[in-house]
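Asks: Please work out how this folds:
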Amino acid sequence: MMRSPSATTGLRTNVLAETSSGLIVVSAVHVVKQQVHGDLQSDVVDVSTWRMRGFVAVAEELHFSRAAVRLNIAQQALSKQVQDLEAELRTQLFVRTSRSVELTPAGAAFLDVCRATLKTFDDGVRSVRNVALGDSGTLTLGFYTLAMLELTTPVLQEFGRQFPDAHVDIQEYTFVDPSAGLTSGQSDLAVVRLPISAPGMEWEVLFTEPRVVVLAASHPLANRDRVSAAEIADEPMTIGRVEDPVYRDFWTLAEHRTAPLKPLIETSSHMQELEIVATGRACSVTAACAGRFTPHAGVRFVVIDDVPGVQTALAWRAADASPLVGHFVDVARQVRDRQPELVRAIEHPALGSTR
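Replies: Next up, the predicted model:
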């Protein structure tokens, strides 16, 4: 008995590419047909996403007129589009009668392919646009000891809420690099304490807090409410192990001295600094927040009342700041401005010797 020709069709998709119009979009769709004699024939057919969208509309509506309205095109144009698609695929996708439109088995398989292909493509286009707009991507945030203090968590949470497709990679730096990775290019954005030497850097100051002197608990000045720069000018001091002269001068009160500075004890971290101070070998100058965040039984934090405070800022390189950097700075500014009480508490902590 003569068997009628039959064919089984397998469909799978490869890569997508789109023109600026969004109409002539190439998707490599592999169409594999099993012929009656058992030989396999494989063709690569270029199918536009415009035709895919037309096919999906008809397949979901099962009605050419409704699908045409949905796509805002003429029914005749949509019918021609589907016919051309079937010709390209050499596969019948619909069974049409005067009263109904139904998918063939091959059409049902191709519907799954088109839905997956269009979703992948649309997600890809959205991702590319988000990167261009700075709404997604990875932002490397370097931070110095204690970062943005009590603002750190709300800023990161708000940034995550506004830009859910962006990822913040947080990297901590010690005294060795007060730019927190900016000068080396390892950070896109950094939380720093000013002043530092970093040519080409721009910044947004978040708050200013007092400088304090850290003294051994046994030091004669340790129980004072406050001291002047002159009263500690002759004390041996610690300093971060860094060559930045602006940084070193600021944290050793150089501009407030009338006599040469005694030899400095260099340190690599805040905790190392505290341990040295606790032994009575030296004092150190730091930000007032240290008394809240890193208390130590062997030291006291005393406000220096006649020197300018220290500014904590978000800093970035002006030459290569991405849109994502700008978004993060905007979010930090928003959070800071809507929490004035929190900022006031940071800038005006309880005065006096902090244990």
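
Asks: Just after whichever strand or helix holds residue 46, pick out the following helix or strand.
Replies: Per DSSP states H and E, residue 46 falls inside strand 40-47. Where DSSP H and E defines the elements, the next helix or strand beyond strand 40-47 is helix 49-61.

Asks: Give me the packing partners of that following helix, helices and strands only.
Replies: helix 64-71, helix 75-89, helix 105-133 (3 or more Cβ pairs under 8 Å, 6 or more residues apart in numbering; DSSP states H and E). For every residue, glycine as well, the C-beta is placed using N, CA and C.

Asks: now it, how far from the chain's geometric center?
Replies: Chain-centre distance of helix 49-61: 37 Å, with Cα atoms, centre = their mean, to the nearest Å.

Asks: That one versus helix 64-71: what angle between them?
Replies: With axes from the mean of the first three to the mean of the last three Cα atoms, to 10 degrees applied, the angle from helix 49-61 to helix 64-71 works out at 130 degrees.

Asks: for helix 49-61, which positions count as buried?
Replies: 49-59, 61 (16 or more other Cβ atoms under 10 Å).

Asks: and the residues you listed, which two are the farthest apart?
Replies: 49 and 61 (18.2 Å; Cβ to Cβ).

Asks: Just say which of the helices and strands packed on helix 49-61 is most tucked in.
Replies: helix 64-71 (a mean of 17; mean count of other Cβ atoms under 10 Å).

Asks: neighbouring contacts of that one?
Replies: For helix 64-71, contacts defined as Cβ atoms under 8 Å, 6 or more residues apart in numbering pick out 53-54, 57-58, 60-61, 74-75, 77-79, 82, 101.

Asks: Let me know the closest of these to residue 345.
Replies: Nearest to residue 345 out of those is residue 53 (Cβ to Cβ; 56.1 Å).

Asks: My read is that that closest one contacts residue 118, right?
Replies: Yes: the criterion here is Cβ atoms under 8 Å, and residue 53 meets it with residue 118 at 6.7 Å.

Asks: Where does the prediction get shaky in the stretch 1-150 of the chain?
Replies: Where the stretch 1-150 of the chain drops to pLDDT under 70, the residues are 1-43, 130-136.

Asks: Over to the nearest residue to residue 174 once chain neighbours are set aside: give its phi and psi.
Replies: Spatial nearest neighbour of residue 174, chain neighbours left out: residue 269 (5.0 Å); criterion: Cβ to Cβ, 6 or more residues apart in numbering. Backbone torsions of residue 269, given as degrees, to the nearest 10, read phi -150, psi 160.

Asks: I'd like to know how many residues surround residue 350.
Replies: 10 (other Cβ atoms under 10 Å).

Asks: Oh, that last question was meant for residue 214, not what I typed.
Replies: Counted with other Cβ under 10 Å, the neighbours of residue 214 add up to 28.

Asks: a helix runs through it, doesn't it?
Replies: No: Residue 214 sits outside any helix when classified using DSSP: H, G, I helix; E, B strand; the rest coil, being strand.

Asks: pLDDT wise, what is it at?
Replies: Per-residue confidence (pLDDT) for residue 214: 97.

Asks: wait, what's in contact with it?
Replies: Residue 214 touches 273-274, 277, 283-286, 290, 299-301, counting by Cβ under 8 Å, 6+ apart.

Asks: Please narrow those to those residing in strands.
Replies: Members of the contacts of residue 214 lying in strands (criterion: DSSP state E): 284-286, 299-301.

Asks: Between the residues you listed, which sits nearest residue 123?
Replies: Out of the ones in strands among the contacts of residue 214, the member with the shortest distance to residue 123 (by Cβ to Cβ) is residue 286, at 48.1 Å.

Asks: Doesn't residue 234 lie inside a helix?
Replies: No: with three-state DSSP as the criterion, residue 234 is located in coil rather than a helix.

Asks: Roughly how far does it sit from residue 192?
Replies: 30 Å (Cβ to Cβ, to the nearest Å).

Asks: Which helix or strand contains the residue lying closest to residue 143 once chain neighbours are set aside?
Replies: Using Cβ to Cβ, 6+ apart and skipping residues adjacent in sequence, the residue nearest residue 143 is residue 191, 4.1 Å away. Assigned by DSSP H and E, residue 191 belongs to strand 189-194.

Asks: ok, residues contacting that strand?
Replies: So strand 189-194 is contacted by 139-144, 147-148, 173, 178-182, 198, 203, 205, 287, 310-316, 325, 328-329 (Cβ under 8 Å, 6+ apart).

Asks: could you show me where the strands are in the stretch 201-350 of the chain, in order?
Replies: 201-209, 211-216, 226-227, 238-240, 265-267, 284-287, 299-304, 310-317 (DSSP state E, counting those that start in this stretch).
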